[in-house]
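Colleague: Structure for the following, please:
(2 chains)
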Amino acid sequence: MRNRNHRNPLAIGFLVLGAFFILFPMYMAIMVSLKNPQELGQSILGWPRRIFWSNFPQAMAATHYTHAFENSLFITAFAVILTILTNSMVAYAIARNMHRRFFKYLYYYFFAAMFVPFPIIMLPLVRQMSHIGLADRVGLIILYVVYGISFNVFVYVGYLRSVPMELEEAALVDGAGRWRIFWGIIFPLMGPMNATVGILAALWAWNDFLLPLVMLGNPNQFTLPLMQYALQGQYSTNYSEAFASYLMALLPMIIVYVVAQKWIINGVTQGSIK
Amino acid sequence: MFRMRLSWAYIWMTIPALGLFMYFHTWPTLHGLMYSFTNWNGFGPFQWIGFSNYAALFKDPQVIHSYLFTFQFAVVTVILVNVLSLIIALALNSKIVLPKTFKALYFMPYVLSTLVVSYIFNYLFSNVEPSVASALHLTNLAQNILGTNWAWVGIVIVACWQGVAFNTILYLAGLQTIPEEVYEASMIDGASPWTNFWKVTFPLIAPFFTINMVLAAKNYLQVFDQIVALTNGGPGTATQSVAFVIYTNGFGGGELAYQSANAAVFLIILILIALLQVRVLQGREVQL
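Modeller: Numbers count the residues shown, from 1 in each chain, chains lettered A, B, ... in the order given. So this is what the prediction gives:
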């Protein structure tokens, strides 16, 4: 019988074993990053005899960490803010006019685009973006915001269907325009969905590799993952420094996750179930 | 439902988005389809060559191999990820200690950069795995598997390590929608845990199974980051995925038109698989 006091030892044992598999690569990464090359040659997994913190500032300089971090932050922040502000608006207009042919087809158009894999877009896209001078960070932000519409409209419309029309109708009778109704009533009301969309956009923009890879030519604009890729060659000898840079590339997201873990898990779940 | 006159505000809310989406998404898609019927390599004049690129694709061993590898990888990974995450979700949903800590830990890999995670595993396969294997006298594994015929297994391991997180959370959300009474009723009827799972639990979380299968298939068929960081397509061309071939040959190999045809075939295959999955899987769902 399933009751409160009867714990399941099989499940706990299994989860502990799984936790070991999840943590092991992270443990190894930390151990490698704290050793000097000589000690690393003797033991990879053991606790370091002397901790070499200096790997971190060295890796920071070698990978232009602060610069790449700023690029990632700049792209992610603007992608998230603009995605929430614009995509919610598009979804609102569609959700409230689904009985009109134009808006219904627009909804299906955005939805269908989700099935188009990025590899088919990328070859012509790169030419197009460099042609109009947007093969850079700004262009990347535009693409995240525009490509996000497909999925986000789907998520927002699902939510808006459960929001009753009475509020808006009352405001309309009071003489408020559609814009005021959207920004004043609907947008704040969509708070939980805005969080979901924002979290998914942030994870995408921060961790994405393929889109920055094809779009960014100037190393000054490289994001954290792209910088790791570009500088792989120089690590063939100093693994400790490489791992220090891996950990620093992962650290911002780990910190955000530890702080906002409940929100992130809820956000991702909500986004997928709708 | 009463209808109001269409407000101009709605038009202004959608038209710019429609324009931008067409320009940045649909236009390059159509452009790619157009390239696929030419012999253009990115600059200079070109000719229309009909379906020649498509015909050549079906005779190109590199392309055929990339599809076989991608399907093999995707099928194995989708199955493994879904089985593992279903078991983990069942465990997380049972009476355990520290449920929140375990949940947070199991979801953590999802927020990490796939590329960086793959670099970490690359070192693990090349420097840790061989020495552990030889210490355990597993001579077959005493070398970097990424350099052997088993390289694809290494990519599966990394994809699972990271991919299980998302599916687990979705299954867990599904399991939590099942009220306790449903289990109690079937317990009273004398069902074993095994029957209980297949006859009660699984049909009720079937919609989550559908979402997980479709999303996982879509993700793993487009595998790219892991390949770049783990094997770079090697050894030889053994682990080149379709996306990897389109990227490498399309940008670096002067095969713009040819790889556009490859991408068009890829598009059609992905759509067919998604439609097939939705049809087959939704037939199995039940409502409570």
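Colleague: Going by C-alpha atoms from here, please, whenever you check contacts or count neighbours.
Modeller: Will do.
Colleague: Kindly provide the distance from the residue in the stretch 101-250 of chain B that chain A sits nearest to to B:Ala243.
Modeller: Using C-alpha to the nearest C-alpha, the closest approach of the stretch 101-250 of chain B to chain A is made by B:Ser113 at 4.7 Å. With the distance defined as C-alpha to C-alpha, to the nearest Å, B:Ser113 ends up 18 Å from B:Ala243.
Colleague: so who does the residue of the stretch 101-250 of chain B closest to chain A touch?
Modeller: B:Ser113 sits next to A:206-208, A:225, A:250 when contact means C-alpha atoms under 8 Å, 6 or more residues apart in numbering or on different chains.
Colleague: What does the pLDDT read for A:Thr196?
Modeller: Per-residue pLDDT puts A:Thr196 at 89.
Colleague: Hmm, A:Gln270 and it touching each other?
Modeller: Yes. Using C-alpha atoms under 8 Å, A:Thr196 makes contact with A:Gln270 at a distance of 6.8 Å.
Colleague: Show me which of the two is the more surrounded one.
Modeller: A:Thr196 (25 against 19; other C-alpha atoms under 10 Å in any protein chain shown).
Colleague: so that one sits in a strand?
Modeller: No. Going by DSSP: H, G, I helix; E, B strand; the rest coil, the assignment for A:Thr196 is helix, not a strand.
Colleague: What segments of the stretch 51-200 of chain A are strands?
Modeller: Per DSSP state E, counting those that start in this stretch, the stretch 51-200 of chain A carries no strands over any range.
Colleague: tell me which parts of it are close to chain B?
Modeller: Taking C-alpha under 8 Å from any C-alpha of the partner chain, the part of the stretch 51-200 of chain A that reaches chain B is made up of A:89-90, A:93-94, A:106, A:115-117, A:119-125, A:128, A:143, A:146-147, A:178-179.
Colleague: Quick one: buried ones out of those?
Modeller: When these are checked for burial by 16 or more other C-alpha atoms under 10 Å in any protein chain shown, the buried set is A:89-90, A:93-94, A:106, A:116-117, A:119-125, A:128, A:143, A:146-147, A:178.
Colleague: where in the stretch 101-250 of chain A is pLDDT low?
Modeller: A:235-236 (pLDDT under 70).
Colleague: residue ranges for the helices of it, please.
Modeller: Using DSSP state H, counting those that start in this stretch, the helices assigned to the stretch 101-250 of chain A run over residues A:101-113, A:118-131, A:137-160, A:166-173, A:178-181, A:187-189, A:191-207, A:210-215, A:224-230, A:239-273.
Colleague: what comes into contact with the first one?
Modeller: What that stands for is helix A:101-113. Contacts for helix A:101-113 (C-alpha under 8 Å, 6+ apart): A:93-94, A:97-98, A:149-151, A:153-154, B:18.
Colleague: go on, stretch A:130-141?
Modeller: A:71, A:75-76, A:78-79, A:126, A:129, A:211-212, A:215-218, A:221.
Colleague: Between the two ends of that stretch, how far is it?
Modeller: Separation of the first and last residues of stretch A:130-141 by C-alpha to C-alpha is 15 Å.
Colleague: Any buried residues in it, and which?
Modeller: A:134-137, A:139-141.
Colleague: So which residues on the stretch 151-288 of chain B come close to chain A?
Modeller: B:161, B:169-170, B:173, B:208, B:211, B:222, B:224-225, B:229, B:243, B:246-247, B:250-251, B:256, B:260, B:263-264, B:267, B:270-271.
Colleague: can you redo the helices of the stretch 101-250 of chain A as a markdown table with distance to A:Phe52?
Modeller: As requested, those are exported to a markdown table (distance: least, C-alpha to C-alpha, whole Å):
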| stretch | distance to A:Phe52 |
| --- | --- |
| helix A:101-113 | 50 |
| helix A:118-131 | 42 |
| helix A:137-160 | 35 |
| helix A:166-173 | 61 |
| helix A:178-181 | 58 |
| helix A:187-189 | 49 |
| helix A:191-207 | 28 |
| helix A:210-215 | 32 |
| helix A:224-230 | 21 |
| helix A:239-273 | 9 |
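Colleague: if we compare those helices, which one ends up closest to B:Asn140?
Modeller: B:Asn140 lies closest to helix A:239-273 among those, at 25.8 Å (C-alpha to C-alpha).
Colleague: could you check the angle helix A:137-160 makes with that closest one?
Modeller: 30 degrees (axes from the mean of the first three to the mean of the last three C-alpha atoms, to 10 degrees).
Colleague: buried sites along helix A:239-273?
Modeller: Those would be A:239-250, A:253-254, A:257, A:261, A:264-272, for helix A:239-273 by 16+ other C-alpha under 10 Å.
Colleague: same check, this time on stretch A:186-198
Modeller: Applying 16+ other C-alpha under 10 Å to stretch A:186-198 flags A:186-187, A:193-198 as buried.
Colleague: Pull the residues that contact it.
Modeller: A:80-81, A:83-84, A:88, A:152, A:155-156, A:159-160, A:264, A:266-268, A:270-271.
Colleague: Just the closest of these to A:Phe24, please.
Modeller: Closest to A:Phe24 out of the contacts of stretch A:186-198 is A:Ile264 (23.3 Å), distances taken as C-alpha to C-alpha.
Colleague: on that earlier part again, which of the contacts of B:Ser113 are close to chain B?
Modeller: Contacts with chain B within those, counted by C-alpha under 8 Å from any C-alpha: A:206-208, A:225, A:250.
Colleague: Model confidence score at A:Asn71, please.
Modeller: For A:Asn71, pLDDT reads 96.
Colleague: A:Val256 now?
Modeller: pLDDT recorded at A:Val256 is 92.
Colleague: How about the one 5 residues further on?
Modeller: The per-residue pLDDT reported for A:Gln261 equals 86.
Colleague: Tell me how far it lies from A:Leu73.
Modeller: From A:Gln261 to A:Leu73 the distance is 19 Å (C-alpha to C-alpha).
Colleague: burial measure for the closest residue to chain A within the stretch 151-288 of chain B, as a count.
Modeller: Nearest residue of the stretch 151-288 of chain B to chain A (C-alpha to the nearest C-alpha) works out as B:Ala263 at 4.8 Å. For B:Ala263, the neighbour count with other C-alpha under 10 Å is 30.
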